[in-house]
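The sequence and its predicted three-dimensional model are supplied below.
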There are 2 protein chains.
Amino acid sequence: MNLLENIRTTLLMGPGPSCVHPLTYYALGRPTLGHLDPYFITIMDEIKADLQTVMGTKNVATIPISGTGSAGMETSFVNMIEPGDRVLVLINGVFGMRMADVAGRLGAEVDTIEFEWGTAVDPEEVEKKLKEKSYDIVAVVHAETSTGVCNPVEEISKILADTDSLYLVDTVTSLCGMPVEMDKWGIDICYSGSQKCISCPPGIAPVSFSDRAMEKLNNRKTKVPNWYLDVSMIAQYWGGKTRAYHHTAPINMLYALYQSLKLIIEEGLENVYKRHMECHKMLVAGIEELGFKMLVKEGYRLPMLNAVLVPDSIDEAELRKRLLNEYNIEVGAGLGALAGKIVRIGLMGHTARDYNVKRLLDALSAIIK
Amino acid sequence: MNLLENIRTTLLMGPGPSCVHPLTYYALGRPTLGHLDPYFITIMDEIKADLQTVMGTKNVATIPISGTGSAGMETSFVNMIEPGDRVLVLINGVFGMRMADVAGRLGAEVDTIEFEWGTAVDPEEVEKKLKEKSYDIVAVVHAETSTGVCNPVEEISKILADTDSLYLVDTVTSLCGMPVEMDKWGIDICYSGSQKCISCPPGIAPVSFSDRAMEKLNNRKTKVPNWYLDVSMIAQYWGGKTRAYHHTAPINMLYALYQSLKLIIEEGLENVYKRHMECHKMLVAGIEELGFKMLVKEGYRLPMLNAVLVPDSIDEAELRKRLLNEYNIEVGAGLGALAGKIVRIGLMGHTARDYNVKRLLDALSAIIK
C-alpha cells in the first residue's frame, strides 16, 4: 500500500506548516532543472528580489537557505558569532530559549533577559541592560510562536541605534503575516521559514544580512565553523558573477517558494496583513463567545498565532485529537511550561481565510457543547 | 510572466540532480501534513526502514536530514568531532577536499593522504599511515563525483577492522546506483543525498550512524556545536517514544523521498544496480566509438558518473551549451583542476535508461560530426 494515496487533506491551523495554495503544490512538481542551469538562475534572481520586497530590505545578501526555519536561526548565529562574542538574547518563550542554546554552542558569551511567557519583552529592561554592558549582538524573536506574543521589535531597534550591537531578529512566524521592515527598523540579521505565513511547505529558510553584518562576516578571524551554512560562500552562488557552485540547491522547493512569494506580492502585502488581522479578530471574537480566554493581553497578540487557554474542564489533548480525527483540523499543543494549558491556533498564510476560521469555530462548538 | 510555466523538461545527465520519476513529482504535491501528525509518523517510519534497506544497515539512527547532500556531510562530521579529534581524510577529488575543510572548521586535527585526481585511493598507503598514527575517524568518498572514480571502500574497511577508528564514508553519488553495504563493510557513519541515484529532487540527506558512532556522540564532553544538525535530538523526533519536536520536517520533500525509495525497492536493488551498469557500458562503448576517451582506467570507473576527456579540438563549454540549448540535455563541467578538460555524464537513478544514453550519443554525434 502506498501511504501517500491515503493522506487526508488537513486544515493546518497549528503553528506551521500552514495550508499550501494549489499553485504552490503545482510549482513543486515542475520539472527539476540543474542548479547551474541559466534558466534556474533567472528564477533564483526573482526569488531574491521578492524576498527583499517582503523583508523590507535592499540587502544584497538576501538568500533562501537550504533547510527549515531552524536552519535560518543556525545560519544567522554561526556566521556572526566568533568564540567569546557577547550576545544578549531576550527570552519570553521556546524560540528565545533556542536562540540562547544555539549561540552558546557556538562559543558565544550569552546573557539573557527573561520575561514571563505570554508577556512581551519590555524595552526598558533592554535599555537598562545595555547601559551596564555592551554586546556584539542583541537577539529577539519578533513573533514568539510558543506563546502568541508579538515583541516590540521596532521599539528595541531605537534603543540599539545608539550602540554598536548588531540586531538579530527571528521573523519565522511574522514574515508575510504582519509588517517586517528590516531596513526601516535597523535589523542587521533576519531569518524566517517557508512554512508559516509564506505558506510554502517547510524546507526553506529566508535569511538576510545587512552590509554591517556582512562586514562582520568578512572580517572574521576564524572560518565559519559550518561549511554548509557559510553565507560568504553561499552568497557567491546566489549572487556572485561566477555563480560558483557551493551545494546543490533544493530546486523544487525553490520553485514552491517562488510561487508562494508571487501569490503574496500579487495580493499585495498590505492586503495580506489585513487578511491575517481580520481572521485573527474573527477568531478571537468567536473563541471568546465559546467561553475560551486568550493567553496574551490585547495589544500584544499576534494575528497569525493565537494561544488559547483551555479551561480545566476540557482535556486539551483530547480536544486536539477530536479536531484532527473528526474534523481534519490540526491545531498545536502548548510547549514547555504551557503544555496542556493552551492550544495554539495558527492563521498563517493561505490558512488565514474567514471560511477556515468559521470551520474551526463550528467544530469547536460541536465538540464542547 | 510566471517563470515556472516555461521550464523546459531537461534530460539531467550531469552530476545531479538526476531525472525525477513522474510518481515522485506527484508525491511532492500531495497535501502537506503537520510534522507531528500520527499519519505522517507512519510515513516517517517507512522511510527509515527503506533507508536501512538501501544502505545495508540495521542502524537505528538512520535518518533523512533536512538539507541537501552537503548537509549530510556536515551532520556526519559535526556530531562526531570534538576539538582535537584526529581525523584522516583520503582525498582524490573535490569531495574529499570538502571533507577535510569541514572537519578542519570543526577543530579536528586533520591529516590527509592525497591521490592523483582520476585515480583511486590506494589502500596500501592507508595501511602505512595507520601504522604510523592512530585516528579517531578515517573518512573517504565512495563515489568521487568530481572525477568518476570508485574508491575501494570495502578494502579500506578491512584495514580499519584492526583499529579503533570510526569509518566515515560519503555515499552521496553511489547510494542506490551500486552496492553500499554499511554493516557488512563496517561503516560507522554514512551520508548520502536525495538527488543522485535516489532520483528525488535535492533537499534531503540520508545519514546513518552505527551504535559505535552513537556511543561517541552520547559520550561527547561538549554539546554538538550545531543545534540544527544535532543527531542526538533529531533521533528523538525520528525514533524516540515521545517523538519530541525538534524542527519542522520538510514534509513534502519527505513524501518525494518515500516515493523514490519505494520505486527503487519495488524494482529491486540488484536490478537497479544492473541497470546502472548496463547504461554505463553502453555509454562508454558509444562515447569511445565517437572518439572520446574516459578519464578513469577501466575497473575504477563509477557506473553513474562518467568523466569523459574532451579533446583540445572541441570547446568543452560550447559542447555543454549546445547540448543544453539545442537538445535539452544537461551534462556537467569539470571541477577544480579538471575544469575545461572533462565533461561529467551522469547516469543516475531514473536517468539511467538505455533510451537516454542513446539520446545523448545521438546528440553528441550530431554536434561533433
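Yep, that arrived. Worth saying up front: this structure is predicted, and the values here are computed from it rather than measured. Numbering: from 1, shown residues only, chains lettered A, B, ... in the order given.

what about the closest residue to A:Glu127 other than its chain neighbours, how many residues close to it?
In this structure, A:Glu127 finds its nearest non-sequential neighbour in A:Ile159, 4.9 Å apart by CB to CB, 6 or more residues apart in numbering or on different chains. Using the backbone N, CA and C atoms, a C-beta is placed for each residue, glycine as well. Around A:Ile159 there are 20 other residues, counting by other CB atoms under 10 Å in any protein chain shown.

which strands and helices sit next to the helix or strand where A:Ile159 lies?
Using DSSP states H and E, A:Ile159 maps to helix A:153-160. Contact partners of helix A:153-160 among helices and strands, from 3 or more CB pairs under 8 Å, 6 or more residues apart in numbering or on different chains; DSSP states H and E: helix A:123-132, strand A:137-141, strand A:166-170.

hang on, the earlier thing: for the residue nearest to A:Glu127, give me the pLDDT.
Looking at A:Ile159, its pLDDT reads 97.

can I assume it is in contact with A:Glu124?
No: under the criterion of CB atoms under 8 Å, A:Ile159 is not in contact with A:Glu124, lying 9.0 Å apart.

ok, and what's touching the helix holding A:Ile159?
Residues outside helix A:153-160 that contact it (CB atoms under 8 Å, 6 or more residues apart in numbering or on different chains): A:90, A:121, A:123, A:126-127, A:130, A:138, A:140, A:142, A:167, A:169, A:181, A:184-187.

ok, of these, which come out buried?
A:90, A:121, A:123, A:126, A:130, A:138, A:140, A:142, A:167, A:169, A:185-187 (16 or more other CB atoms under 10 Å in any protein chain shown).

Give me the number of neighbouring residues for A:Leu257.
Counted with other CB under 10 Å, the neighbours of A:Leu257 add up to 25.

That one against A:Ser66, yeah?
No: using CB under 8 Å, A:Leu257 is not in contact with A:Ser66; the gap is 11.0 Å.

So which bits of stretch A:44-58 are buried?
A:44, A:47-48, A:50-52, A:54-57.

There's contact between A:Asn306 and A:Met348 in this structure, I believe.
No: using CB under 8 Å, A:Asn306 is not in contact with A:Met348; the gap is 10.6 Å.

out of the two, which sits in the more crowded spot?
A:Met348 (31 against 27).

can you give me phi and psi for that one?
phi -120, psi 130 (degrees, to the nearest 10).

Now do the same contact list for it.
Residues near A:Met348 by CB under 8 Å, 6+ apart: A:16, A:18, A:173, A:177, A:196-197, A:199, A:276, A:304-305.

Tell me the one among those nearest to A:Asn6.
Proximity of these to A:Asn6 (CB to CB) peaks at A:Ser18, which lies at 21.9 Å.

Would you map out the domains in chain A?
As given by automatic domain parsing, the domain ranges for chain A are A:3-17+A:269-368, A:22-265.

and among those domains, the most buried is which?
Among the domains of chain A, domain A:22-265 has the highest mean neighbour count (mean count of other CB atoms under 10 Å in any protein chain shown), at a mean of 22.

First-to-last residue distance for it?
End-to-end distance for domain A:22-265, by CA to CA, to the nearest Å: 16 Å.

any idea how far A:Cys190 is from the residue positioned nearest the centre of chain A?
Per CA atoms, centre = their mean, the C-alpha nearest to the average position across chain A is that of A:Val172, at 0.7 Å. Distance, A:Val172 to A:Cys190, by CB to CB, to the nearest Å: 10 Å.

what do you get for A:Lys281?
A:Lys281 is 27 Å from A:Cys190, where distance means CB to CB.

Confirm for me that A:Thr32 is in contact with B:Gly14.
No: in this structure, A:Thr32 is not within contact of B:Gly14 by CB under 8 Å, at 11.3 Å.

Now list whatever residues contact both of the two.
When CB under 8 Å, 6+ apart defines a contact, no residue borders A:Thr32 and B:Gly14 alike.

Local confidence estimate at the closest residue to A:Asp111 other than its chain neighbours?
With CB to CB, 6+ apart as the criterion, A:Asp111 has its nearest non-adjacent residue at 5.1 Å, and that residue is A:Leu88. Note on A:Leu88: pLDDT of 98.

Mind telling me what element A:Leu88 is part of?
Judged by DSSP H and E, A:Leu88 forms part of strand A:86-91.

re earlier: kindly reformat the buried residues of stretch A:44-58 as TSV containing secondary structure.
What follows is these, written out as TSV (DSSP: H, G, I helix; E, B strand; the rest coil):
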residue	secondary structure
A:Met44	helix
A:Ile47	helix
A:Lys48	helix
A:Asp50	helix
A:Leu51	helix
A:Gln52	helix
A:Val54	helix
A:Met55	helix
A:Gly56	coil
A:Thr57	coil
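
which of those lies closest to A:Gly299?
Distances from A:Gly299 to these, taken by CB to CB, are shortest for A:Gly56, at 22.7 Å.

OK, contacts around that closest one?
Contacts for A:Gly56 (CB under 8 Å, 6+ apart) come out as A:179-185.

hmm, back to that, format the helices and strands packed on helix A:153-160 as CSV; extra columns: mean pLDDT and distance to B:Gly203.
Output for the helices and strands packed on helix A:153-160, formatted as CSV (pLDDT from 0 to 100; distance: least, CB to CB, whole Å):
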stretch, mean pLDDT, distance to B:Gly203
helix A:123-132, 97, 38
strand A:137-141, 98, 26
strand A:166-170, 98, 22
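
Excluding chain neighbours, what is closest to A:Gly177?
A:Cys197 (3.4 Å).

in the stretch 201-350 of chain A, which spans are strands?
Listed in chain order, the strands of the stretch 201-350 of chain A (DSSP state E, counting those that start in this stretch) span A:205-209, A:293-294, A:305-309, A:329-333, A:342-346.

try the stretch 1-150 of chain A
Counting by DSSP E, counting those that start in this stretch, the strands of the stretch 1-150 of chain A are A:11-13, A:61-65, A:86-91, A:109-114, A:137-141, A:143-144, A:149-150.

Any chance of those in a markdown table with distance to B:Asn79 as columns?
Rendered in a markdown table, the data for the strands of the stretch 1-150 of chain A read as follows (distance: least, CB to CB, whole Å):
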| stretch | distance to B:Asn79 |
| --- | --- |
| strand A:11-13 | 31 |
| strand A:61-65 | 20 |
| strand A:86-91 | 24 |
| strand A:109-114 | 22 |
| strand A:137-141 | 25 |
| strand A:143-144 | 29 |
| strand A:149-150 | 34 |
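
Touching the lengthiest helix in chain A from outside, list them.
Ranked by residue count, the top helix of chain A under DSSP state H comes out as helix A:269-289. With CB under 8 Å, 6+ apart as the test, helix A:269-289 has contacts from A:53-54, A:176-179, A:197, A:264, A:267, A:294, A:301-304, A:306, A:308, A:345, A:347-348, A:352-354, A:356-358, A:360-361, A:364.

between it and strand A:305-309, how many degrees?
Per axes from the mean of the first three to the mean of the last three CA atoms, to 10 degrees, the angle that helix A:269-289 makes with strand A:305-309 is 10 degrees.

Filter the contacts of A:Met348 down to just the ones in helices.
A:His276.

From the contacts of A:Met348, pick the one nearest chain B.
For the contacts of A:Met348, the closest approach to chain B (CB to the nearest CB) belongs to A:Gly16, at 6.0 Å.

In this structure the closest one contacts B:Thr248, no?
Yes: when contacts are counted by CB under 8 Å, A:Gly16 is listed as touching B:Thr248 (6.0 Å).

joint contacts of the two?
A:69, A:193, A:195, A:202.

Off-centre distance for stretch A:332-341?
Computed by CA atoms, centre = their mean, to the nearest Å, the chain-centroid distance of stretch A:332-341 equals 19 Å.

Pull up the residues of the stretch 251-369 of chain A that are close to chain B.
Listed as neighbours of chain B in the stretch 251-369 of chain A under the rule CB under 8 Å from any CB of the partner chain: A:251-253, A:255-256, A:258-259, A:262, A:324, A:330, A:335.

Now, those residues that are in helices?
A:251-253, A:255-256, A:258-259, A:262, A:324.

From these, pick the one nearest chain B.
The closest of those, once distances to chain B are taken by CB to the nearest CB, is A:Asn252, at 4.1 Å.

Thanks a lot, see you next time.
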